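**Student:** have a look; sequence and predicted model below, questions after that.
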Amino acid sequence: MREFMQFRDLRVCDILDFAAANHGDTEVVSAFADGTVVRHGYLEIQERAKRAANALTDAGFARGDAIATLGWNDHRHLELYYAIPGIGGAIHTINPRVSADQIAYMIETAKDKALAFDPSLSELVSAIVARIDRPLTLIEMCSGPAQFPAAIGYENFIKDASPQFQWVSVK
């Protein structure tokens, strides 16, 4: 039976590492509502996810912290899918089609410390933030400076972070 057993951590980040090592040039394509198309290979997605992991760590997030995401399927959201568990955090994906009251309740119940959101959902985020009575770090998943008050723009958030990161062990 030993040949069928895996003697290492089972981590979501290992999926990205495998893709980067074996399919590094295979593109992840993000198409946005404004017609913009962005292409990144898995190797670049891995680097950007590690930058995001370092940026999250540098911002004070750590193992066990819950971080919510409210967005569509694009490269930034994908990077956070790996970065958040990569630091030992819990990614809390939220359906943007749910009401602001329900989302605020979910964020409060999960004790999320941050909310990463798509800029197209700013109106919903305003309604959510108005219902939450505690500090919540806001990360706007945008290409430039954040347009949402008190939010950090994602690209600015990760740009100076190191692309070197050792994913945490699950033990």
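**Tutor:** It's in.
**Student:** what residue ranges in the protein score low on pLDDT?
**Tutor:** 1-9, 171 (pLDDT under 70).
**Student:** what helix or strand is the residue positioned nearest the centre of the chain located in?
**Tutor:** The centre of the chain sits closest to residue 80, judged by CA atoms, centre = their mean, with a distance of 2.0 Å. Using DSSP states H and E, residue 80 sits in helix 75-86.
**Student:** show me which residues of stretch 91-108 are buried.
**Tutor:** Going by neighbour count (16 or more other CB atoms under 10 Å), the buried part of stretch 91-108 is 91, 92, 94, 96, 100, 103, 104, 106, 107. C-beta coordinates here come from the backbone N, C-alpha and C atoms, glycine included.
**Student:** I'd assumed residue 65 was in contact with the first one.
**Tutor:** No: in this structure, residue 91 sits apart from residue 65 without contact. The criterion is CB atoms under 8 Å, and the distance is 10.3 Å.
**Student:** still on that earlier bit, contacting residues around the helix holding residue 80?
**Tutor:** For helix 75-86, contacts defined as CB atoms under 8 Å, 6 or more residues apart in numbering pick out 11-13, 15-16, 28, 30, 38, 40, 45-46, 48-50, 52-53, 56, 67, 69, 71, 90-91, 116, 118, 141, 154, 165, 167-168.
**Student:** mark which of the buried residues of stretch 91-108 are part of strands, please.
**Tutor:** 91, 92 (DSSP state E).
**Student:** show me where this protein has its strands.
**Tutor:** Listed in chain order, the strands of the chain (DSSP E) span 27-31, 37-41, 66-70, 90-93, 114-117, 137-140, 151-153.
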